[in-house]
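S.K.: Sequence first, predicted model second:
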Amino acid sequence: PVEPVSDVTYHDPCYLGRHNRVFDAPRELLGEITEMPRNRERSFCCGAGGARMWMEEKIGKRINIERTEEALSTGAKTIAVGCPFCATMIGDGVTTQGAPEDVQVVDVATVLLQRLDLGV
């Protein structure tokens with residue numbers, strides 16, 4: 001059995017999740033997680049797949065800020081993602097929102113690599 005990453009929430013990326021229907025594998029790797037209100041096939045986009053990282057929002061708040069607020073509301077100290085766009089967008093959101101310094105954004109691939117290196 002793989003030890004769970006502690007105190008984590010997972011952001012389902014659009015391409016891996018909604019497009020390819022891969023929901024369980026990242027969760028199995030991460031172990032016990034705190035789900036955000038919008039997850040799996042109802043996940044909320046971080047915005048970068050639609051090139052929102054290069055656009056200025058004219059109305060309301062930036063998509064990545066809304067998603068980051070959802071992640072931070074879980075109380076998790078680790079926000080796991082499965083896409084480089086998501087890592088950038090959520091990471092920027094964590095910085096912009098002034099999240100506590102102990103909140104980190106990690107890619108599930110990094111978690112997998114750490115487990116392989118540890119032989120877990």
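M.R.: Right, received. Where do you want to start? Values in this document were obtained by computation on a predicted structure and should not be read as measured data.
S.K.: What's the mean pLDDT across the top helix by length along the chain?
M.R.: As assigned by DSSP state H, the longest helix anywhere in the chain is helix 84-96. Within the predicted structure, the mean pLDDT of helix 84-96 is 90.
S.K.: tell me which residues in that helix are buried?
M.R.: Burial within helix 84-96, assessed by neighbour count using 16 or more other C-beta atoms under 10 Å, is assigned to 85, 86, 87, 88, 89, 90, 91, 92, 93, 94. C-beta: built from backbone N, CA, C; applies to glycine.
S.K.: cool, stretch 25-34 as well?
M.R.: Judged by neighbour count using 16+ other C-beta under 10 Å, the buried positions of stretch 25-34 are 26, 27, 29, 30, 33.
S.K.: Return the helix or strand bottoming out on mean pLDDT in the chain as PDB; C-alpha atoms alone will do.
M.R.: Across the helices and strands of the chain, mean confidence by mean pLDDT, DSSP states H and E is lowest for helix 108-118: a mean of 83. Extracted in PDB, the C-alpha atoms of helix 108-118 (Å, rounded to 0.1, in the frame of the first residue of the first chain):
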ATOM      1  CA  VAL A 108       0.800  14.100  -9.300                       C
ATOM      2  CA  ALA A 109       3.800  13.100 -11.500                       C
ATOM      3  CA  THR A 110       6.100  14.600  -8.800                       C
ATOM      4  CA  VAL A 111       4.400  12.600  -6.100                       C
ATOM      5  CA  LEU A 112       4.800   9.400  -8.200                       C
ATOM      6  CA  LEU A 113       8.500  10.100  -8.700                       C
ATOM      7  CA  GLN A 114       9.000  10.700  -5.000                       C
ATOM      8  CA  ARG A 115       7.400   7.400  -4.200                       C
ATOM      9  CA  LEU A 116       9.500   5.600  -6.800                       C
ATOM     10  CA  ASP A 117      12.700   7.100  -5.400                       C
ATOM     11  CA  LEU A 118      11.600   6.000  -1.900                       C
END
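S.K.: What residues sit buried inside it?
M.R.: By neighbour count on 16+ other C-beta under 10 Å, the buried set for helix 108-118 is 108, 111.
S.K.: That helix to helix 84-96, inter-axis angle?
M.R.: Our comparison of helix 108-118 with helix 84-96, counting by axes from the mean of the first three to the mean of the last three C-alpha atoms, to 10 degrees, yields an angle of 100 degrees.
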